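1. sequence and predicted structure, then a few things I'm wondering about:
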Amino acid sequence: MIAALTGPVHAGKTTLLQRAASRWSDLGYAFSGYLSLTVNGKVGHEYSLLALQDGRLMPFLIRTFIAGAERTGPYYFVPETLEKARSIISAAGPEQVLIIDEIGPRELEGGGIRPALDQVLARPEMRLLVTVREDILGPLTNLIKSGPLSVVDVRDQNSIPLLEKALFRDPEPSLAHG
């Protein structure tokens, strides 16, 4: 099962996932993955990766040139953090919901986290929650061939219950958060 949380740029997708992850943790649901948190960098907004399993925060997308680093728009992936994101994705199991914040233009081109994402998409038993800007939702739908896609708009007042309905098989948690 795959769910996509969508909306415009800076509409609150990550903020909503922070609230949802806190709720799911309190309820005992199992999840892994990462969030991309906006931070103010030296030259404007940048992004840090927050690993949901251990709470580790690492610089992820920065505006400062890094030799050999992948570029997406005005940003450069911090190579070590990009590798961490890929390893988080690759290590996820079907007993957890894997949260990936976010899939963007670079992934649609085959870069960024795409190699690890392709591995997960090839496993139909996986439960995956991704964030994606609404202008990228169409191309993402074309990429996903492993099963049905539930789309939830961040602007919907019932977005968290809709995500829960799409992702969690049981109305009550049966797995302890690990």
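-> Now that the structure is in, tell me what you want to look at. Residues are numbered from 1 along each chain as shown.
2. ok, residue 35 - contacts?
-> Listed by CB atoms under 8 Å, 6 or more residues apart in numbering, the contact set of residue 35 reads 14, 17, 18, 21, 49, 50, 52, 99, 101. From N, CA and C alone the C-beta is placed, and that goes for glycine too.
3. helices or strands up against the helix or strand hosting residue 20?
-> Counting by DSSP states H and E, the element that carries residue 20 is helix 13-27. Applying 3 or more CB pairs under 8 Å, 6 or more residues apart in numbering; DSSP states H and E, one finds that helix 13-27 contacts strand 2-7, strand 31-41, strand 97-100, strand 127-133, helix 159-167.
4. contacting residues around that helix?
-> 5-7, 31, 35-38, 52, 97, 99, 101-102, 129, 131, 154, 159-160, 163-164, 173, 177.
5. please indicate which of the residues you listed are buried?
-> The neighbour-count test (16 or more other CB atoms under 10 Å) marks 5-7, 31, 35-37, 52, 97, 99, 101-102, 129, 131, 154, 159-160, 163-164, 177 as buried among the contacts of helix 13-27.
6. where does residue 107 land in three-state SS?
-> helix (DSSP: H, G, I helix; E, B strand; the rest coil).
7. okay, buried residues for stretch 20-37 please.
-> Applying 16+ other CB under 10 Å to stretch 20-37 flags 20, 21, 24, 29, 30, 31, 32, 33, 34, 35, 36, 37 as buried.
8. what's opposite the nearest residue to the last one once chain neighbours are set aside in the beta bridge?
-> Yep, that's residue 37 we're talking about. In space, and not counting its chain neighbours, residue 37 is closest to residue 48: 5.0 Å by CB to CB, 6 or more residues apart in numbering. Beta bridges link residue 48 to residue 37, residue 59 when assigned by DSSP bridges.
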